[in-house]
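In: Just to be clear, the model below is a prediction. Sequence and coordinates:
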Amino acid sequence: MPTIMSADALEILDSRGNPTLRARVMLDDGSTGIASVPSGASTGEYEAHERRDGDARRYRGRGVREAVRAVAEVIAPALRGADPFAQAAIDAQLIALDGSANKMRLGANALLGVSMAVARAAAAASRRPLYAHLGGAASCRLPMPMMNVINGGAHADNALRFQEFMIVPHGAPGFAEALRYGAETFHALRDLLRRRGLATGVGDEGGFAPEIAGAEEALDLIVEAIGAAGLRAGADVAIALDPAASGFASEAGYVPSADAAPITSDALTAMYRSWIDTYPIVSLEDGLGERDWEGFRRHTALLGDKVQIVGDDIYVTNTRFIARGIAERTTNAALIKLNQIGTVTETVAAVRMCHEAGWHTVISHRSGETEDSFIADFAVAMGSGQIKTGSLCRGERIAKYNRLLEIENELGADAVFTSPFTSCASGSGA
Ligand code: PGA
Ligand code: ZN
């Protein structure tokens with residue numbers, strides 16, 4: 001069996017032009033695994049620590065040279081000779097090497113880069129695609145994409161406080177067709193914006209960032225674009241939202257637009273309720289803030305039988321918080337981001353905990369991404385059934401979609417693509 005011969009890392013740039021870490025793991029049989037770590041902007045309070053140099057003379061303090069050094073000087077010597085197929089043991093070793101509660105000593109970016117690169121190296125050594133290495137031979141479910149076509153909040157410079165308006169082509173018969181539905185709707189939306197004299201420049205995740213202030217205006221535009229693309233709003237293409245409400249939560253309440261007075265969680269939930277009654281919405285993520293566990297419980301009790309209620313900032317892919325969410329019925333689904341927790345094994349544990357509870361999962365990119373398409377394989381390996389990886393432009397988003405096209409093609413007749421939204425959003429397992 002091959003063993004790990006070396007590990008190192010490089011400071012590269014992410015899609016926002018900020019430094020991030022790329023790790024490389026080499027085995028003694030000549031196999032190599034390379035992986036790049038993404039970076040969020042609207043991050044959850046309890047995410048694993050992304051280590052930055054803090055040296056104001058470089059990249060406004062955002063350099064990752066220390067994390068790169070940790071890979072070469074601390075992680076590489078410790079992993080030399082280890083079995084790359086023992087992902088859980090390697091990840092346990094990484095966690096022990098770091099030794100802190102939130103991976104602040106070596107940095108979650110250093111740990112995750114190596115963890116993903118080990119998986120890639122082992123896949124290469126066994127001459128299997130990454131999804132089959134991570135998920136086994138039975139991995140054949142392509143995820144339903146949630147495509148973020150209008151950007152606001154922390155991802156754009158417009159006045160829109162709600163972060164993400166996504167289209168979900170759940171009526172498509174396969175992944176490639178779903179992608180086409182998405183792209184054609186995206187182009188129709190651009191035409192529509194242009195005709196109305198609205199800007200067609202895009203935000204961090206490739207969605208348009210027009211100067212509109214109201215969510216209803218965004219929803220109307222999307223419904224119109226779906227129709228203009230020759231598709232049926234609802235039946236062919238539905239809508240998913242991630243308001244990322246932590247971003248407009250304050251001590252006084254939620255402030256969903258600049259000129260609005262603060263409102264309670266129940267008032268905000270009532271607002272979502274009216275949108276759900278009007279528009280073909282199938283999923284609502286972070287409709288409330290990450291500290292609002294009580295509000296979320298009522299939010300899910302009221303809306304959870306109509307739409308999928310996804311927790312992102314509140315769980316940060318951490319089984320400790322997800323277990324609480326399951327016990328308290330805080331939501332009925334979770335967003336999954338590898339870099340929120342910091343190793344592949346812990347991310348797998350988070351997904352499994354959700355699926356065992358009958359929750360759906362959505363494997364997600366970050367707003368700062370790279371051309372690495374690890375999450376495409378990961379979504380198939382986990383049989384998650386959903387992926388959120390941005391709009392229909394920007395190379396770092398398209399890299400994931402293109403990888404999923406490859407996987408669907410490779411699986412051929414074995415590929416499975418079904419809507420997670422056909423029965424009940426509160427879910428009976430992914
Ligand atoms: P982030 O946003 O990557 O900036 O945290 C994504 C999300 O909130 O889902
Ligand atoms: Zn989110």
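Out: Received, thanks. Ligands and ions are numbered 1, 2, ... in the order given.
In: Tell me who's in contact with the closest residue to ligand 1 within the stretch 151-300 of the chain.
Out: Proximity to ligand 1, evaluated over the stretch 151-300 of the chain using Cβ to the nearest ligand atom, is greatest for residue 244 at 4.7 Å. All C-beta atoms are positioned from the backbone trio N, CA, C, and that covers glycine. Contact analysis of residue 244 by Cβ atoms under 8 Å, 6 or more residues apart in numbering lists 42, 153-154, 162-164, 285-286, 312-313.
In: again, only using 7 Å
Out: Contacts of residue 244 were listed using Cβ atoms under 7 Å, 6 or more residues apart in numbering, and they are 42, 153-154, 163-164, 286.
In: now, which of the residues you listed lie close to ligand 1?
Out: Filtering those for proximity to ligand 1 (criterion: Cβ under 6 Å from any ligand atom) leaves 42, 154.
In: Mind checking which of the contacts of residue 244 are in strands?
Out: If you go by DSSP state E, the contacts of residue 244 have residue 164 in strands.
In: In JSON lines, list the contacts of residue 244 along with neighbour count and pLDDT.
Out: Listed next are these as JSON lines, based on neighbours: other Cβ atoms under 10 Å; pLDDT from 0 to 100:
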{"residue": "42", "neighbour count": "20", "pLDDT": "93"}
{"residue": "153", "neighbour count": "23", "pLDDT": "94"}
{"residue": "154", "neighbour count": "17", "pLDDT": "92"}
{"residue": "163", "neighbour count": "30", "pLDDT": "96"}
{"residue": "164", "neighbour count": "30", "pLDDT": "97"}
{"residue": "286", "neighbour count": "27", "pLDDT": "98"}
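In: Other residues contacting the strand or helix carrying residue 354?
Out: Per DSSP states H and E: residue 354 is located in helix 344-356. Helix 344-356 is touched from outside by 87-88, 91, 115-116, 119, 317-319, 322-323, 334, 336, 338, 341, 361, 382, 384, 429-430, with contacts defined as Cβ under 7 Å, 6+ apart.
In: can you check stretch 74-89 too?
Out: The contact list for stretch 74-89, computed with Cβ under 7 Å, 6+ apart, reads 1-8, 27, 90, 93-94, 97, 106, 110, 114, 118-119, 121-122, 125, 344-345.
In: So which of the residues you listed are in helices?
Out: 90, 93-94, 97, 110, 114, 118-119, 121-122, 125, 344-345 (DSSP state H).
In: Could you point out which of those is nearest to residue 57?
Out: Residue 57 has its nearest neighbour among the ones in helices among the contacts of stretch 74-89 in residue 110, at 21.5 Å by Cβ to Cβ.
In: what about the closest one, neighbour count?
Out: Neighbours of residue 110 under the rule other Cβ atoms under 10 Å: 31.
In: And the residue of the stretch 151-300 of the chain closest to ligand 1, how close does it get to residue 330?
Out: With distances taken as Cβ to Cβ, to the nearest Å, residue 244 is found 17 Å from residue 330.
In: For residue 229, give me its contacts.
Out: 184-185, 188 are the contacts of residue 229 under Cβ under 7 Å, 6+ apart.
In: Most neighbours of all those residues, which one?
Out: Neighbour counts for these peak at residue 185, which has 26 neighbours (criterion: other Cβ under 10 Å).
In: Confirm for me that that one is in contact with residue 227.
Out: No: the pair residue 185 and residue 227 does not pass the contact test of Cβ atoms under 7 Å, sitting 9.3 Å apart.
In: For the stretch 201-350 of the chain, what lies in contact range of ligand 1?
Out: By Cβ under 6 Å from any ligand atom, the part of the stretch 201-350 of the chain that sits against ligand 1 consists of 242, 244, 312, 335.
In: Kindly recompute the last result at 8 Å.
Out: 204-205, 242, 244, 285-286, 312-313, 335, 337 (Cβ under 8 Å from any ligand atom).
In: restrict the residues you listed to those near ligand 2?
Out: 242, 286, 312 (Cβ under 5 Å from the ion).
In: out of those residues, who's nearest residue 409?
Out: residue 242 (29.5 Å).
In: How about the residue of the stretch 301-430 of the chain found nearest ligand 2: what's its closest non-neighbour residue?
Out: Per Cβ to the ion, residue 312 is where the stretch 301-430 of the chain lies closest to ligand 2, at 3.5 Å. Distances taken as Cβ to Cβ, 6 or more residues apart in numbering put residue 335 closest to residue 312, at 3.8 Å, once the chain neighbours are dropped.
In: Name the helix or strand for that neighbour, please.
Out: Here residue 335 is assigned to strand 333-336, by DSSP H and E.
In: other SSEs contacting the helix or strand that comes right after that strand?
Out: Where DSSP H and E defines the elements, the next helix or strand beyond strand 333-336 is helix 338-341. Packing partners of helix 338-341 (3 or more Cβ pairs under 7 Å, 6 or more residues apart in numbering; DSSP states H and E): helix 108-125, helix 344-356.
In: As PDB, could you dump the C-alpha coordinates of helix 338-341?
Out: Extracted in PDB, the C-alpha atoms of helix 338-341 (Å, rounded to 0.1, in the frame of the first residue of the first chain):
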ATOM      1  CA  LEU A 338     -16.000  21.800   4.500                       C
ATOM      2  CA  ASN A 339     -14.100  24.800   5.700                       C
ATOM      3  CA  GLN A 340     -16.600  25.600   8.400                       C
ATOM      4  CA  ILE A 341     -15.500  22.600  10.300                       C
END
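In: Noted, bye for now.
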